[in-house]
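Undergrad: here is a sequence together with a model predicted from it:
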Amino acid sequence: MSNTLKNTQMCIQKLNFDIPGKITIKLEDGRIIIVPLKYFPDIKKLSVEKRKKYTIVDDRTVLFYYSDSIYHLEDFLGLENKWSER
């Protein structure tokens, strides 16, 4: 199995924070990724209301209005060193 998402058509549809301590990423193809927020301390420190203020850029990048951090789909999949290879 390859450790890169190069040339794949995975697109983020929306984020959800309904499960305490977790972020849920819904992809446009119907798949759902659930990741503990402990891996994303900048998101974890935001209140639930502030977490809901985000923008999806280029289908795979997430920007939060109340955070300076930039997150790519690869970050949520544990491939944070691979996003530049896509």
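TA: Nice, I can see it. Numbering: from 1, shown residues only.

Undergrad: pLDDT weak spots in the chain?
TA: Low-confidence segments of the chain, defined by pLDDT under 70, are located at 1-8, 80-86.

Undergrad: apply 90 and report the result again.
TA: Counting by pLDDT under 90, the chain has low-confidence residues at 1-10, 77-86.

Undergrad: the strands in it, which residues?
TA: If DSSP state E is used as the criterion, the strands of the chain fall at 12-16, 22-27, 32-36, 54-57, 61-64, 70-72.

Undergrad: would you mind putting those strands into JSON lines with mean neighbour count alongside?
TA: (Glycine included, C-beta is placed from N, CA and C.) Formatted as JSON lines, the strands of the chain follow (neighbours: other Cβ atoms under 10 Å):
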{"stretch": "strand 12-16", "mean neighbour count": "16"}
{"stretch": "strand 22-27", "mean neighbour count": "17"}
{"stretch": "strand 32-36", "mean neighbour count": "12"}
{"stretch": "strand 54-57", "mean neighbour count": "14"}
{"stretch": "strand 61-64", "mean neighbour count": "18"}
{"stretch": "strand 70-72", "mean neighbour count": "19"}
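
Undergrad: for D42, find the nearest of these.
TA: Distances from D42 to each of the strands of the chain were compared using Cβ to Cβ; the minimum, 7.8 Å, belongs to strand 61-64.

Undergrad: returning to that earlier point: tell me which of the strands of the chain sits nearest to K45.
TA: Closest to K45 of those, according to Cβ to Cβ: strand 61-64, at 10.8 Å.

Undergrad: helices or strands up against that closest one?
TA: Using 3 or more Cβ pairs under 8 Å, 6 or more residues apart in numbering; DSSP states H and E as the contact definition, the elements that strand 61-64 packs against are strand 54-57, strand 70-72.
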